[in-house]
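Novice: predicted model, plus sequence, below.
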Amino acid sequence: MSLKDELKAIAERIENGRSNVSTEEATKHAFVLPFLQAIGYDIFNPLEVEPEAVADVSTYNGSKVDYCIKKDGQPIMILECKHWNKNIDSYTKQLSSYFVNSNINIAIITNGIEYRFYSDTIRPNIMDDEPFFAFFITEIEEQTVKYLSFFTKDSFHSDTINQNIQDLIYTSKIEKVVKKELEDPSDEFINFFAKQIESSNYQRNRRNEFFKEIITQAINKQVNNSSVPVNTEPIKIVEIDAEIVHSYSKEMKNIFDIESLTGIRLFSGIFHDTIFENVNFTEIYKTVVAYCFEKHQSEMLNSSAIVNSLKLGTEEPINSPVSLSNGYFYTSNKSNDAKLIAVKKLLTFCNDEASLLIQFAE
């Protein structure tokens, strides 16, 4: 039986029998162990699937990680299980604790239906906030089977798995960008198509409105017309994305290559998935602070340099307070150059130096 067929069989078992699976332990035996068996691991051999693992894994409130997956006797993944009706969002902190105290760089959390795979691609031995791979076993697609095969016993190789993880991360990012553009084309996406035709004499405001409608219709027609195959080659998506960025920014500079913003007007900026156009640096400053605080709140609060630089605290600063989550505030009452210094300091602190690009107005 192929991997896809085995996963479908588990999905059918879940659909037909989950109402009779009333405990976490029953979830493990009915749904999770068959999954581990489907991807090639001997669930009856503790040298491959060790329950209640102790070796190299710390305890969390007195409990142990549910399973340690091994190959050739060496731990390669840890897996934590919850009851099938539990939302696993509430248990990632627990998984992160196991991860930090292990020598393994792949951690899985599941309720037997949803599976999330995590690693430490940003900071060594610190589990990433976002999974690099996630799926519902009841909604298996061909692409999911392909990616899952990286983690089967026969295909798992320590010298290639990190590259596989990177591939999955960028695949997910590209898919999110493409999905967003297909659902609601951005001005940058529209401008990419407008560049391909003579549209300079078309009134700009009307052009954007009209082109957005036409492009959306064309995309929907392409997707819905089975006689016209949609080109989904990853390399093509990358080329389109690069063209959009190139046409959007004639000459963008990394923020660390800029010494001063005094007397300079910004044209555009890119920070992770956010694109700025015709904004002042204050808006970029606020976006960077909010992003870093969401990702690294505890570390920022424990850094006196960052706290002092931003005037970060639970008391509203006297001048120009800006609200963050969890009752914290920081000040926007700084010159552009002071904000530039603060942004550089913050991005360095968060190991995110390559993320912010800006372009000056001509």
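Specialist: Ah, there it is.

Novice: number of residues surrounding the nearest residue to Ile169 once chain neighbours are set aside?
Specialist: Using CB to CB, 6 or more residues apart in numbering and skipping residues adjacent in sequence, the residue nearest Ile169 is Phe132, 4.9 Å away. (Each C-beta comes from the backbone N, C-alpha and C, glycine too.) Neighbours of Phe132 under the rule other CB atoms under 10 Å: 21.

Novice: could I get the phi/psi values of Phe132?
Specialist: The phi/psi pair for Phe132 (degrees, to the nearest 10) reads phi -90, psi -10.

Novice: pretty sure it sits against Tyr118.
Specialist: Yes. Under the criterion of CB atoms under 8 Å, Phe132 makes contact with Tyr118 at 6.9 Å.

Novice: check which residues of the helix ranked longest in the chain are buried.
Specialist: Criterion DSSP state H: the longest helix present in the chain is helix 161-183. Going by neighbour count (16 or more other CB atoms under 10 Å), the buried part of helix 161-183 is Ile161, Asn164, Ile165, Leu168, Ile169, Thr171, Ser172, Val177, Glu181.

Novice: of the residues you listed, which is the nearest to Gly269?
Specialist: Val177 (17.1 Å; CB to CB).

Novice: what about the closest one, distance to Pro185?
Specialist: Using CB to CB, to the nearest Å, one gets 12 Å for the distance from Val177 to Pro185.

Novice: hmm, back to that, pLDDT score assigned to the residue nearest to Ile169?
Specialist: According to the prediction, Phe132 has pLDDT 92.

Novice: which ones are touching it?
Specialist: Phe117, Tyr118, Ser119, Thr121, Ile165, Leu168, Ile169, Ser172 (CB atoms under 8 Å, 6 or more residues apart in numbering).

Novice: same thing with Thr92?
Specialist: For Thr92, the contacting residues are Ile109, Arg116, Tyr118, by CB under 8 Å, 6+ apart.

Novice: how far out from the middle of the chain is the helix or strand hosting it?
Specialist: Assigned by DSSP states H and E, Thr92 belongs to helix 92-100. Helix 92-100 sits 17 Å away from the centroid of its parent chain (CA atoms, centre = their mean, to the nearest Å).
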